[in-house]
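Enquirer: Got a predicted structure plus its sequence, pasted below:
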Amino acid sequence: MLKFPDNFAWGVATAAYQIEGAWNLDGKGESVWDRFCHASGKVARGENGDVACDHYHRFRDDMRLMAELGLKAYRFSISWPRVMPEGIGQINEAGIRFYSQLVDELLAANIRPLVTLYHWDHPQALEDRGGWTSREMADWFADYAGLVAGRLGDRVTDWVTLNEPASFIWSGHVHGVQAPGRADRTLSMAAAHNANRAHGMAARAIRASSHGPARVGIALNIEHYEPASDNPADLAATVRVEAKRILLFIDPILRGKYPPSVLATLPKLEPFIQQNDLVQACAPLDFLGLNYYHRHRIRDASGVPVASPSAPQGETGQSIVAPDGIHAVLARLHGEYHVREIMVTENGFNRSEDTPVNGRVEDGPRIDYIRDHLAAVHRAIEQGVNVTGYFVWTLMDNFEWAMGYEPRMGLVHVNYATQTRTIKQSGLWYRDAIRAGGIDAG
Ligand code: FCB
């Protein structure tokens, strides 16, 4: 049995837009994801998060499920337009009340809340004023973060500022395949830089406004990249991918600078950097959130013609399930970046074929995936990396962004026609691991 530390945060993660539904109820404003789903034609089968898992109405039932799984921690996100419909100015008390009740229920069930302030669904009203491409977005975000910390910080200790800036910048601002659907390489660099500033400014605002102890982190998606061959072109492509996906975010946040590989790979970035910006971006973290899913083998594709100007350019990758990859990333964060505390804020497995048969959902491959990744995390802990929690993506099947409802990644199956929840075999397995405080290595 591989035992984990006593107060290890065994959790699951979700995001507001993917589960809540109630997209226009009780004073909620429109988010960029509402607009993207309703208007872009870019979401599979024209699906949207209007209803999703209807968690807004069913959160008490979902809480019972979490208690049944024996979770110690729950990472969820706050929908910015639910608490501030226009992003600035007016506060929607009904929205605050929803999250406040959720926090109370979690604490009553002894489940530690970890609150993500931004999981991609900013108010459309702010997008209309430039969104992340506007420098003001960092101020707006810090004000909103301070407001939420002021209202929930008496009960919530753990905060994640942004979820995966690399995803919303590259998918949402370069390739246009996710909200807000922009495809502008120049402005995307303003957006990335403003997101980094926003993180640091929000971290300070949370600490200043919270009425209790506040621990602040960010959830970065750091996959493991390796060259597909030892051909120099593939090695160079791997350096570029790391610069774009990892260093563009982690270096300003942890070290207060953009390294040479970032400035060389992304020459459009530098004009947006103003004096003091990097001092603002770099706020000491209490923990780093790591979202990890795959290892990627990177091949140079710079000579390959692309279908449209917004399509990915320069490198192609192949994703591989690789528990070794999470170990390598954890070791690097510890060794190279000297991160003092890491929580794995997402890790999980898609199996679209999950279906209940006589009340059971057999999802053995998900159990294997989670067990093998946990074993790799355990190895890192034994080697001295301070990993204090692990959050499975995700509690229940939900709206997987531009892929709609087809991917199923939950420990709990959701029948969207009836909103029936069924705990999958992986959920039961996870419950047993939590009870035992560890796993059998398999
Ligand atoms: C991550 C996102 C999360 C979910 C998983 C599968 O990139 O943060 O919302 O979509 O992937």
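Expert: Structure received.
Enquirer: From W120, how far out is the spatially most central residue of the chain?
Expert: For the chain, the residue nearest the mean C-alpha position is N163 (3.8 Å; Cα atoms, centre = their mean). Applying Cβ to Cβ, to the nearest Å, the value for N163 to W120 is 7 Å. Where you see a C-beta, it was placed from the backbone N, CA and C, and this is true even at glycine.
Enquirer: where do the contact lists of these two overlap?
Expert: Residues touching both N163 and W120 (Cβ atoms under 8 Å, 6 or more residues apart in numbering): A15.
Enquirer: what about the helix or strand hosting M189, average pLDDT?
Expert: In this structure, M189 sits in helix 185-209 according to DSSP states H and E. Averaged over helix 185-209, pLDDT sits at 98.
Enquirer: so where is the chain shaky, pLDDT-wise?
Expert: Residue ranges of the chain with pLDDT under 70: 305-313, 442.
Enquirer: Does G49 touch F399 like I think?
Expert: Yes: G49 is within contact range of F399, at 4.6 Å (criterion: Cβ atoms under 8 Å).
Enquirer: Find the residues that touch each one of those two.
Expert: 17-18.
Enquirer: still on that earlier bit, then the helix or strand immediately after the helix holding M189 in the chain to PDB, C-alphas only?
Expert: Scanning forward in sequence from helix 185-209 by DSSP H and E, the next helix or strand is strand 215-221. The C-alpha coordinates for strand 215-221 follow below in PDB (Å, rounded to 0.1, in the frame of the first residue of the first chain):
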ATOM      1  CA  ARG A 215      -3.400  30.800   0.600                       C
ATOM      2  CA  VAL A 216      -3.100  31.700  -3.000                       C
ATOM      3  CA  GLY A 217      -2.100  29.700  -6.000                       C
ATOM      4  CA  ILE A 218      -2.700  29.400  -9.700                       C
ATOM      5  CA  ALA A 219      -3.600  26.300 -11.800                       C
ATOM      6  CA  LEU A 220      -1.100  25.900 -14.600                       C
ATOM      7  CA  ASN A 221      -1.400  23.200 -17.200                       C
END
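Enquirer: now strand 215-221, how far from the centre of its chain.
Expert: 9 Å (Cα atoms, centre = their mean, to the nearest Å).
Enquirer: again, but for stretch 256-272
Expert: For stretch 256-272, the distance to the chain centre is 24 Å (Cα atoms, centre = their mean).
Enquirer: ends of it, how far apart?
Expert: 15 Å (Cα to Cα, to the nearest Å).
Enquirer: Buried residues in that stretch, which are they?
Expert: Residues of stretch 256-272 classed as buried: 258-259, 261-262, 265-266, 269, 272 (neighbour count, 16 or more other Cβ atoms under 10 Å).
Enquirer: Please apply the same query to stretch 320-329.
Expert: Quick answer for stretch 320-329 (16+ other Cβ under 10 Å): 322-323, 325-329.
Enquirer: Next step: these restricted to strands.
Expert: The members of the buried residues of stretch 320-329 all map outside strands under DSSP state E.
Enquirer: What is the helix or strand hosting V241 packed up against?
Expert: V241 belongs to helix 232-242 when elements are defined using DSSP H and E. With contacts taken as 3 or more Cβ pairs under 8 Å, 6 or more residues apart in numbering; DSSP states H and E, helix 232-242 sits against strand 224-227, helix 260-265, strand 295-301, strand 314-320.
Enquirer: and the next element down the chain from it?
Expert: Beyond helix 232-242 toward the C-terminal end (DSSP H and E), the next one is helix 248-255.
Enquirer: Just give the number of residues close to the residue nearest to T355 when sequence neighbours are not counted.
Expert: Of all residues beyond its chain neighbours, the one nearest T355 is V361 (6.8 Å), with distances taken as Cβ to Cβ, 6 or more residues apart in numbering. Neighbour count for V361, taken as other Cβ atoms under 10 Å: 24.
Enquirer: Next, the contact list for V361, please.
Expert: 354-355, 413, 422-425.
Enquirer: ok, now Y369?
Expert: Contact partners of Y369, counting by Cβ under 8 Å, 6+ apart, are 321, 348-349.
Enquirer: let's see it at 7 Å
Expert: By Cβ atoms under 7 Å, 6 or more residues apart in numbering, the residues touching Y369 are 321, 349.
Enquirer: so how far is the ligand from it?
Expert: 13 Å (Cβ to the nearest ligand atom, to the nearest Å).
Enquirer: so when I look at that residue, I'm seeing a strand, right?
Expert: No: with DSSP: H, G, I helix; E, B strand; the rest coil as the criterion, Y369 is assigned helix and is not in a strand.
Enquirer: how much space is there between it and V392?
Expert: Distance from Y369 to V392, by Cβ to Cβ: 10 Å.
Enquirer: For the stretch 251-400 of the chain, which segments count as helices?
Expert: 260-265, 277-281, 323-335, 364-382 (DSSP state H, counting those that start in this stretch).
Enquirer: Between the ones you listed, which one is closest to A73.
Expert: helix 364-382 (14.7 Å; Cβ to Cβ).
Enquirer: The closest one versus helix 323-335: what angle between them?
Expert: In terms of direction (axes from the mean of the first three to the mean of the last three Cα atoms, to 10 degrees), helix 364-382 departs from helix 323-335 by 30 degrees.
Enquirer: List the buried residues in helix 364-382.
Expert: 366-381.
Enquirer: What parts of the chain come near the ligand?
Expert: 15, 18, 163-164, 167, 221, 291, 346, 393, 400-401, 409 (Cβ under 6 Å from any ligand atom).
Enquirer: how about a cut-off of 5 Å?
Expert: 15, 164 (Cβ under 5 Å from any ligand atom).
Enquirer: From the contacts of V361, list just the buried residues.
Expert: 354, 413, 422-425.
Enquirer: wait, which of those is closest to I111?
Expert: Closest approach between the buried ones among the contacts of V361 and I111, by Cβ to Cβ: I423, at 16.2 Å.
Enquirer: before we move on, the earlier item: I'd like the buried ones among the contacts of V361 written out as JSON lines, with secondary structure added.
Expert: Below are these laid out as JSON lines (three-state DSSP):
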{"residue": "D354", "secondary structure": "coil"}
{"residue": "H413", "secondary structure": "strand"}
{"residue": "T422", "secondary structure": "strand"}
{"residue": "I423", "secondary structure": "strand"}
{"residue": "K424", "secondary structure": "coil"}
{"residue": "Q425", "secondary structure": "helix"}
